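In: Requesting a structural model of the entry that follows:
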Amino acid sequence: MAQPLSELSEQAVGEVLDRIDDDTWEVGQLMRWGVWQAARTFLASGPLWVVASVTWWPATFLFPLTAVATFLVVRRLLPQVAQKGDRGGRLDRPRRLDRGGRRGP
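Out: Prediction:
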């Protein structure tokens, strides 16, 4: 979407709308996948905690403690990940695909 208007005017309206629709669909897929993976992890951790607690009694306390520590570390690192992902490089791939795979400005 960061293309100059002169380049957009050369494309057919249908192509531009298809790109917008495809991008929206792709973002939706990624969001659904992330939520699904988080739910799977959360639901699987319950039985794992029970088995770990039965197998080794300190796991009763260490399992939740490790989960909280991991959550806090990841939460602290997320702003750095978001900042690195905000460089605009994500626009290169669709731009190359629109040009038939050629690299260029």
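
In: how about the helices in the chain?
Out: With helices called from DSSP state H, the chain shows them at 5-10, 13-55, 59-84, 92-98.

In: how about these in JSON lines, adding mean neighbour count and mean pLDDT?
Out: The C-beta positions use only the backbone N, C-alpha and C, and glycine is treated the same way. JSON lines is the format used below for these (neighbours: other Cβ atoms under 10 Å; pLDDT from 0 to 100):
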{"stretch": "helix 5-10", "mean neighbour count": "9", "mean pLDDT": "66"}
{"stretch": "helix 13-55", "mean neighbour count": "11", "mean pLDDT": "87"}
{"stretch": "helix 59-84", "mean neighbour count": "11", "mean pLDDT": "92"}
{"stretch": "helix 92-98", "mean neighbour count": "13", "mean pLDDT": "54"}
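
In: P64 and T70, how far apart?
Out: 11 Å (Cβ to Cβ, to the nearest Å).

In: Oops, could you answer that again for I20 instead?
Out: Distance, I20 to T70, by Cβ to Cβ: 37 Å.

In: Repeat that for G34.
Out: The gap separating G34 from T70 is 17 Å, by Cβ to Cβ.

In: same question, W25
Out: From W25 to T70 the distance is 32 Å (Cβ to Cβ).

In: go on, V81?
Out: Going from V81 to T70 by Cβ to Cβ gives 15 Å.

In: Ok, V35 next?
Out: 19 Å.

In: now swap in D23 and tell me
Out: Between D23 and T70 the computed distance is 32 Å (Cβ to Cβ).

In: Also F42?
Out: Taking Cβ to Cβ as the measure, F42 falls 13 Å from T70.

In: Over to W56?
Out: In terms of Cβ to Cβ, W56 sits 19 Å off from T70.

In: do V54 as well
Out: Using Cβ to Cβ, one obtains 22 Å as the distance from V54 to T70.

In: do the same with V51
Out: 19 Å.

In: again, but for D22
Out: Computed as Cβ to Cβ, the D22 to T70 distance reads 35 Å.

In: what do you get for D18?
Out: Remark: distance between D18 and T70 (Cβ to Cβ) = 41 Å.
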